[in-house]
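Q: fold the following for me, if possible:
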Amino acid sequence: MSIEELGSIRKLCSQGHMTSVLFKKELCSVYDYNKCYLHDPDLSHITVDVNVDHIVSNRNNPGFIISLIIEQYDKILESYKNVLIHLDEHSSLAKLLNEHMDVLSSRKVLLYNEISNLGNQELSELNVA
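A: Got it, this is the predicted structure:
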């Protein structure tokens, strides 16, 4: 697959990166505000499982990479839901997290569409050959 064919995926990933940078800044300010109520050992259970060799071996498979991103979005959304259970639904933090969830959910739909488009392109390439 050429770089030109991946244009929409590249655009979507760059938009997702910018969104994540913004979310990170917002969540850092929330964390700094609430830091006195938290103990860092409480956060030690948060880990990211990444099999780098598996990712590198599949680097030419955009569908695989997109599915990894979707998987991470699902984990983030689940974490947000777990936090929201403990918040007043009318609080500013709950509103912020709901906004993040809306953006992540819409990005996830766009990624699913890209996977679908990749599948359709592969099918059409097979039909031409």
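Q: helix or strand right after the helix or strand of the chain with the lowest mean pLDDT?
A: Within the chain, no helix or strand scores below helix 52-57, which has a mean of 70 by mean pLDDT, DSSP states H and E. Next in sequence after helix 52-57, counting helices and strands by DSSP states H and E, comes helix 62-84.
Q: give me the contacts around stretch 60-67.
A: By C-beta atoms under 8 Å, 6 or more residues apart in numbering, the surrounding residues in contact with stretch 60-67 are 1, 6, 9, 55, 58-59, 111, 114-115, 118-119. (Glycine included, C-beta is placed from N, CA and C.)
Q: pipe the residues you listed into a markdown table and attach neighbour count, distance to residue 99 and secondary structure per row.
A: Output for the contacts of stretch 60-67, formatted as a markdown table (neighbours: other C-beta atoms under 10 Å; distance: C-beta to C-beta, whole Å; DSSP: H, G, I helix; E, B strand; the rest coil):
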| residue | neighbour count | distance to residue 99 | secondary structure |
| --- | --- | --- | --- |
| 1 | 14 | 34 | coil |
| 6 | 15 | 29 | helix |
| 9 | 21 | 25 | helix |
| 55 | 13 | 30 | helix |
| 58 | 15 | 33 | coil |
| 59 | 9 | 33 | coil |
| 111 | 20 | 19 | helix |
| 114 | 20 | 23 | helix |
| 115 | 16 | 25 | helix |
| 118 | 19 | 29 | helix |
| 119 | 11 | 31 | helix |
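Q: of the residues you listed, which is the nearest to residue 71?
A: Lowest distance from residue 71 to these (C-beta to C-beta) belongs to residue 111, with 10.4 Å.
Q: ok now do the closest one, which residues does it touch?
A: 12, 66, 69-70, 73.
Q: before we move on, back to that, between all of the contacts of stretch 60-67, which two are separated the most?
A: For these, the maximum inter-member distance is 20.4 Å, found between 55 and 119 (C-beta to C-beta).
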